[in-house]
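Q: sequence? don't have it. structure:
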């Protein structure tokens, strides 16, 4: 067996375990919390009072305009200077959540704004409150439109979790770095890590295509029966 293949096979369980224990939970939690934060931020910008709109805009401006790596460093290495100490995983979770929240808020704001005003009027005409109209009419329509860009954001997040290695989170990429430190085979290990990220992204992309196709069929069915 070639040396490179043997090394890949030997290191594979370690990389997969790191992905299962750290990469996957970090991705799922960050996206879930970031999506919730993005929804609240989008609603604040669309319907909130002026001070809240200004605060939401400032938050989005900061986190969309600065690199994610810098944000992680500020949270993990910078906050201890003011007495706030965070372990690596919570620091990464906060950083990714705030970053995803800023980007997803712009997506959600755009898709909510794309729903025709007639949908609001129709909801109010049958006695719905603002909250009922948002929950039952606007968000379901906006959600279907938001799936492709939010899916792309999720896939990007899977790859971006490798940045957590820079703040000592023992996720998959840092596991590869640790093996490199003992084997002195960076090319083989980093190629293996890249392949694993590629596999995860490809699987998610395939699921995204199927989900979009199903939503398109559902949307066509509703239009045909409208």
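A: Cool, the structure landed. Computed from a prediction, not measured in an experiment: that's the story for all the values here.
Q: Could you pick out the longest helix of this structure?
A: helix 186-224 (DSSP state H).
Q: Quick check: which helices or strands does that helix pack against?
A: Applying 3 or more Cβ pairs under 8 Å, 6 or more residues apart in numbering; DSSP states H and E, one finds that helix 186-224 contacts helix 3-18, helix 139-160, helix 172-183. Any C-beta I mention is one placed from the backbone N, CA and C, and that applies to glycine too.
Q: could the ones you listed go into JSON lines alongside distance to residue 97, mean pLDDT and mean neighbour count?
A: Output for those, formatted as JSON lines (distance: least, Cβ to Cβ, whole Å; pLDDT from 0 to 100; neighbours: other Cβ atoms under 10 Å):
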{"stretch": "helix 3-18", "distance to residue 97": "21", "mean pLDDT": "94", "mean neighbour count": "14"}
{"stretch": "helix 139-160", "distance to residue 97": "10", "mean pLDDT": "93", "mean neighbour count": "17"}
{"stretch": "helix 172-183", "distance to residue 97": "19", "mean pLDDT": "96", "mean neighbour count": "19"}
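Q: Can you check what angle separates whatever helix or strand residue 39 lives in from helix 186-224?
A: Remark: residue 39 resides in helix 24-47, with elements defined by DSSP states H and E. Computed by axes from the mean of the first three to the mean of the last three Cα atoms, to 10 degrees, the angle separating helix 24-47 from helix 186-224 equals 50 degrees.
Q: Now for the closest residue to residue 103 other than its chain neighbours: which residues touch it?
A: Of all residues not flanking residue 103 in the chain, residue 153 sits nearest, at 6.0 Å (Cβ to Cβ, 6 or more residues apart in numbering). Residue 153 makes contacts with 31, 100, 103-104, 107, as judged by Cβ atoms under 8 Å, 6 or more residues apart in numbering.
Q: Between those, which sits nearest residue 86?
A: residue 100 (17.9 Å; Cβ to Cβ).
Q: didn't that closest one look like it was pressed against residue 32?
A: No - using Cβ atoms under 8 Å, residue 100 is not in contact with residue 32; the gap is 9.3 Å.
Q: Between those two, point out the one with more neighbours.
A: The residue with more neighbours, out of residue 100 and residue 32, is residue 100; 28 against 12, by other Cβ atoms under 10 Å.
Q: Which pLDDT value does the model give that one?
A: Turning to residue 100, the model gives it a pLDDT of 98.
Q: next helix or strand past the helix or strand where it lies?
A: Per DSSP H and E: residue 100 is located in helix 88-114. Moving toward the C-terminus from helix 88-114, the next helix or strand (DSSP H and E) is helix 117-125.
Q: And that following helix, how far out from the chain middle?
A: The chain centroid and the centroid of helix 117-125 are separated by 32 Å, computed with Cα atoms, centre = their mean, to the nearest Å.
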